[in-house]
Structure formats: C-alpha cells, structure tokens
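Undergrad: Give the three-dimensional model of this entry:
(one chain, ligands or ions: 2)
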Amino acid sequence: VTRIWIAIEIPPALLRDIEQGVFYCSESILHSRVDRSRGAGIELEIADGADGDAVESSVRHWIEQVIARSLTYEDRTLREWGTMPGTFAATPDAIAASSELRTLGEGLVAYGPRLTQVLRSIVRLCDGLSEAIGAQPLTLPAVATLEHMQRCDYLHQFPQLLSFVTHFREDYAVIDAFAAQCRRGQADACQPRPEALRPFARLLRPAVCYHVYPCFEGMTVASDPLLVCATGDCFRYESRNTTELDRLFDFRMYEIVALGSTAGVLRWRDQMISQVADLLEQLGLPGRIKTSNDPFFVSGSVMKSTFQRAHDLKYELEVPFPNAEGKLAVASFNHHQGFFGSRFEIRSRDGAVADTGCTALGLDRILAALLVHHGLDIPRWPASSRRRLGIG
Ligand code: 5GP
Ligand code: ZN
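TA: Ligands and ions are numbered 1, 2, ... in the order given. Predicted coordinates for the structure are as follows:
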C-alpha cells in the first residue's frame with residue numbers, strides 16, 4: 001500500500017463523516033485517518049498501482065463540497081447517564097471471534113442461539129414500549145420499489161448506501177445460458193451479462209419506516225398521533241466502514257412511527273426519548289442523547305436554513321463503545337415535519353398535512369453494546385440487566 005497525506009482544513013464537526021465517507025470517492029482507498037487533534041487533513045492508504053494524484057483530486061473535490069454544503073454546529077446534549085467504563089468487558093474483535101457469531105459475507109452475520117435469545121429479548125422490550133403507548137404492529141416488506149424511494153427523496157440524498165435488486169429478463173435462451181455458465185466453476189464466472197437483466201426497479205430498504213407512509217396514503221389519521229411499529233432487516237452499503245459487529249450491510253431495526261399534528265408528534269418524540277433512555281439505563285448501559293443530522297451527499301440546493309433546522313430534527317442515543325469514535329449510535333429519534341405527510345397526502349385530525357416522526361432502534365447495535373459492556377458470558381451479566389431482558 002501507499003500512504004498519501006492530503007492537507008486540507010476540516011471542521012471538527014465533520015471529522016468523523018469525512019473519515020467514513022471518503023471511501024465512496026475511490027475504490028482504491030483502503031484506509032483513512034483524519035487528523036483529529038488539529039483537523040489539518042486526512043491520511044489515506046491506497047492500493048499499490050493506484051493513481052495517487054487522481055485519488056487526491058477526487059477526495060479534495062469531495063471534501064470541499066462537503067464543507068461548502070454543511071454548517072458547522074455545536075452538538076447539544078439532552079440527557080446523559082451512567083459512567084464511562086474504565087475498560088470494556090469485551091472487545092469487538094473478541095466478540096466477532098466468538099462461536100456465537102459467524103460472518104457469512106461482508107457485513108452479513110449469523111448469531112448463535114445465545115445471542116439470538118438476547119436479540120429476541122430486545123425485540124420483546126421494544127414491543128413492550130409499543131404496547132404501552134398503543135402502537136399497532138405492521139408487517140412490511142424488506143424490498144422497496146424505485147418509484148417509492150424516489151417519492152421519499154431517498155435516492156439523491158443517500159445514493160452511496162443503495163443496494164439495487166433486479167431479475168433476469170423473461171427469455172428462456174438468456175436464463176438457460178446463465179444456468180449453463182453456472183453449472184460448474186467459481187462464483188465469479190456466474191456474473192449475469194448486464195443485457196440479460198431487467199432495469200433496476202427495486203431496492204433493499206435502508207430503514208423500516210419508509211413503507212409506513214404509503215400504507216396511509218390519502219388518509220386522515222384518526223388519533224393524534226396515530227402510532228404504528230414494525231421491525232425487520234434493513235440494508236446499507238457501508239463500503240470499507242463495514243465491520244463484523246456494529247456496522248453491518250444487513251442489520252435489524254425496530255421502528256415506532258407517529259403520524260399526527262406537529263404538537264402531537266413532538267410530544268410523542270419527547271416521551272420516546274425518555275422511555276428509550278430509561279430502558280438502556282435499566283439494561284446497565286451508560287449513554288447520552290444528543291442532536292445529530294443526516295448530512296451527506298446532500299444536493300447543492302440544500303439551503304443553510306434547512307441544515308440548521310435539520311439540526312433539531314434528529315436526536316441520537318449514543319453508548320460508549322471501543323471503536324475509533326469511542327461511541328456507537330444505537331437509536332435515533334426523528335421529526336420529518338410535513339415531508340412524508342405532503343408526499344403521501346396524509347392529513348392529521350385537524351385537516352392539516354400530517355407531521356410524522358420515527359424512533360429507530362438498531363437491534364444489532366444494542367446487542368453489540370450489551371456485549372462490550374457486560375462481556376461474552378451472558379449468565380454473568382448484571383442480574384438487573386438479565387431480569388429486564390427476561391433471561392433469568
Ligand atoms: P438512522 O436511520 O438514524 O441512520 O438509523 C437508525 C438506527 O439504525 C441507528 O441508530 C443504528 O442503531 C441502526 N443502524 C444504522 N446503520 C447501521 C449499520 O450499519 N449497522 C447496524 N448494525 N446498525 C445500524
Ligand atoms: Zn424511520
């Protein structure tokens with residue numbers, strides 16, 4: 001590998017996003033490290049034989065755009081609890097090496113029976129939160145149509161995360177030729193020819209809540225807010241940021257979604273923030289709730305004011321974690337204002353365009369946080385945590 005240093009001033013608030021987002025600039029970038037102490041630039045490891053000047057110019061251009069399109073802001077902490085552990089009870093590497101966790105491909109994990117039991121307990125706790133507030137459960141597909149995600153404005157905002165799905169054209173000769181090609185040999189001989197495939201019309205969902213809004217299309221919601229919940233696998237292509245534990249390609253999310261008036265949705269969100277924080281505290285995890293935003297490949301048309309407002313639209317719950325940033329976002333609390341309400345013509349009881357909000361819990365990440373804080377030996381977790389999880 002070759003190391004290159006790109007001297008460019010990076011505002012503190014953007015260090016993490018730039019360190020992680022840089023991989024989407026070029027496939028020859030293997031590793032990145034920003035200068036955390038002075039924000040004076042970024043060091044990259046690039047593959048031997050790659051054109052360093054080309055990589056540098058593409059990275060520079062991207063960083064300049066990111067800086068130009070974002071506002072530096074101060075994080076605001078809403079609540080903080082617990083104490084930072086002196087040392088963690090288990091490292092991510094030790095957890096990944098355990099017989100309870102198998103990696104079946106990059107960002108694709110299988111959990112053994114003990115971790116599955118904990119994961120199910122976490123889902124039960126989420127169901128408990130939902131039941132207590134009267135959220136109705138829905139069952140939703142893991143695939144979304146391109147048309148739907150375009151309507152949700154997702155495609156231009158987060159193109160780097162997308163995973164498209166397609167199929168063979170209905171053509172016997174084409175399908176038979178592919179079958180013949182795959183009858184023996186290695187997987188890399190099984191690439192379908194692009195012309196054998198239909199245009200991409202579907203993608204793997206990046207979050208659970210996108211499917212909720214079309215379910216209420218054209219409707220006036222009867223309560224304020226109306227609450228629903230759903231869970232399942234979500235997919236985000238994380239490039240070289242993918243890990244075997246806390247940043248997966250295929251991960252599980254539990255979402256509670258509110259539709260109603262602005263006041264109703266905001267009141268509900270405050271309630272969720274405190275209930276989820278309480279829950280994590282009862283599980284023996286320290287954490288904090290802070291403001292956040294979803295900046296990245298935002299188009300040039302995003303205005304400063306939108307960005308500032310966006311700052312109060314997203315809160316995240318972070319738990320201390322032994323990774324480069326020292327923390328892991330395990331849940332988010334989002335207020336979409338009237339965005340989905342107007343896209344899908346949903347009205348609140350008073351006849352106005354409905355506001356929506358969602359609380360998204362990352363199930364794999366809550367599991368990962370429990371493991372690093374309490375260790376791999378589940379019977380030796382704190383009794384109060386086990387009791388809350390219902391695992392004796
Ligand atoms: P958001 O929509 O706020 O980006 O994500 C909601 C939640 O999903 C996050 O708070 C996090 O817990 C979880 N999540 C997001 N990305 C990933 C990922 O790459 N891997 C895992 N395991 N969880 C994720
Ligand atoms: Zn959501």
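
Undergrad: Pull the number of nearby residues for whatever residue of the chain ends up closest to ligand 1.
TA: Here the residue of the chain nearest ligand 1 is residue 362; by Cβ to the nearest ligand atom that distance is 2.0 Å. In this view, the C-beta of every residue, glycine as well, is placed from N, C-alpha and C. A total of 24 residues lie near residue 362 under the criterion other Cβ atoms under 10 Å.

Undergrad: Skipping its backbone neighbours, what lies nearest it in space?
TA: Nearest non-adjacent residue to residue 362, counting by Cβ to Cβ, 6 or more residues apart in numbering: residue 330, 5.3 Å away.

Undergrad: ok, back up a step: ok, the residue of the chain closest to ligand 1 to residue 40 distance?
TA: Separation of residue 362 from residue 40 (Cβ to Cβ, to the nearest Å) stands at 33 Å.

Undergrad: ok so, going back, where's the residue nearest to residue 362, which helix or strand?
TA: When elements are defined using DSSP states H and E, residue 330 is found to belong to strand 327-337.

Undergrad: what mean pLDDT does stretch 70-87 have?
TA: Computed over stretch 70-87, the mean pLDDT rounds to 83.

Undergrad: now do the same end-to-end measure for that stretch.
TA: This stretch, stretch 70-87, spans 35 Å end to end (Cα to Cα, to the nearest Å).

Undergrad: Stretch 158-165 now?
TA: Terminal residues of stretch 158-165 lie 17 Å apart, using Cα to Cα.

Undergrad: which residues are contacting stretch 195-202?
TA: Taking Cβ atoms under 8 Å, 6 or more residues apart in numbering as the criterion, the residues outside stretch 195-202 that touch it are 143-147, 164-169, 171, 174-175, 177-178.

Undergrad: before we move on, what about stretch 3-18?
TA: With Cβ under 8 Å, 6+ apart, stretch 3-18 has contacts from 34-36, 39-46, 52, 55-56, 59-60, 63-64, 66-67, 70, 72-73, 75, 295-296, 325.

Undergrad: same question, stretch 134-152
TA: Contacts with stretch 134-152, where a contact means Cβ under 8 Å, 6+ apart, come from 127, 129-130, 155, 165, 200-205, 208, 210-215, 227-230, 232-235, 256-257, 340, 343-344.

Undergrad: ok, 6 Å please
TA: 155, 201-203, 205, 210-211, 227-230, 232-233, 256, 343 (Cβ atoms under 6 Å, 6 or more residues apart in numbering).

Undergrad: ok, back up a step: got a list of what the residue nearest to residue 362 touches?
TA: Going by Cβ under 6 Å, 6+ apart, residue 330 touches 317, 319, 362, 365, 366, 369.

Undergrad: cool, and residue 85?
TA: The contact partners of residue 85, taken as Cβ under 6 Å, 6+ apart, number zero.

Undergrad: Is it part of a helix or strand, or is it coil?
TA: Each residue gets one of three states, and residue 85 gets coil by DSSP: H, G, I helix; E, B strand; the rest coil.

Undergrad: List phi and psi for it.
TA: Residue 85 adopts backbone torsions of phi -70, psi 150, taken as degrees, to the nearest 10.

Undergrad: Kindly report the same for the one 4 residues further on.
TA: Its backbone dihedrals place residue 89 at phi -80, psi -20, with angles given as degrees, to the nearest 10.

Undergrad: re the thing from before, how far is the strand holding residue 330 from where the chain is centred?
TA: The offset between the C-alpha centroid of strand 327-337 and the centroid of the whole chain comes to 9 Å, using Cα atoms, centre = their mean, to the nearest Å.

Undergrad: Closest to ligand 2 out of the contacts of stretch 134-152?
TA: Top of the list for closeness to ligand 2, among the contacts of stretch 134-152 and by Cβ to the ion, is residue 210 at 7.3 Å.

Undergrad: Tell me the spacing between the closest residue to the closest one other than its chain neighbours and residue 86.
TA: In space, and not counting its chain neighbours, residue 210 is closest to residue 152: 5.4 Å by Cβ to Cβ, 6+ apart. When Cβ to Cβ is applied, the distance between residue 152 and residue 86 equals 44 Å.

Undergrad: State the helix or strand in which the closest residue to ligand 2 within the stretch 251-392 of the chain lies.
TA: Of all residues in the stretch 251-392 of the chain, the one sitting closest to ligand 2 is residue 358 (3.2 Å; Cβ to the ion). Using DSSP H and E, residue 358 maps to strand 355-362.

Undergrad: Direction included, what does that strand pair against?
TA: Strand 355-362 has the following sheet partners, assigned by DSSP bridges: strand 250-260 (antiparallel), strand 327-337 (antiparallel).

Undergrad: is any part of the first one close to ligand 1?
TA: Yes. For a cut-off given as Cβ under 6 Å from any ligand atom, strand 250-260 has contacts with ligand 1, namely 251, 253.

Undergrad: what comes up buried for that strand?
TA: By neighbour count with 16 or more other Cβ atoms under 10 Å, strand 250-260 contains the buried residues 250, 251, 252, 253, 254, 255, 256, 257, 258, 259, 260.

Undergrad: now swap in stretch 192-200 and tell me
TA: Within stretch 192-200, the residues scored as buried using 16+ other Cβ under 10 Å are 192, 196.

Undergrad: Equivalent analysis for stretch 320-332, please.
TA: Neighbour-count burial for stretch 320-332, with 16+ other Cβ under 10 Å as criterion, is recorded at 320, 321, 322, 327, 328, 329, 330, 331, 332.

Undergrad: Would you reformat these as JSON lines and include distance to residue 29?
TA: As requested, those are exported to JSON lines (distance: Cβ to Cβ, whole Å):
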{"residue": "320", "distance to residue 29": "28"}
{"residue": "321", "distance to residue 29": "24"}
{"residue": "322", "distance to residue 29": "24"}
{"residue": "327", "distance to residue 29": "24"}
{"residue": "328", "distance to residue 29": "23"}
{"residue": "329", "distance to residue 29": "23"}
{"residue": "330", "distance to residue 29": "28"}
{"residue": "331", "distance to residue 29": "30"}
{"residue": "332", "distance to residue 29": "27"}
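
Undergrad: For these, work out which two are farthest apart.
TA: Spatial extent of the buried residues of stretch 320-332 (Cβ to Cβ) is set by the pair 322 and 332 at 21.3 Å.
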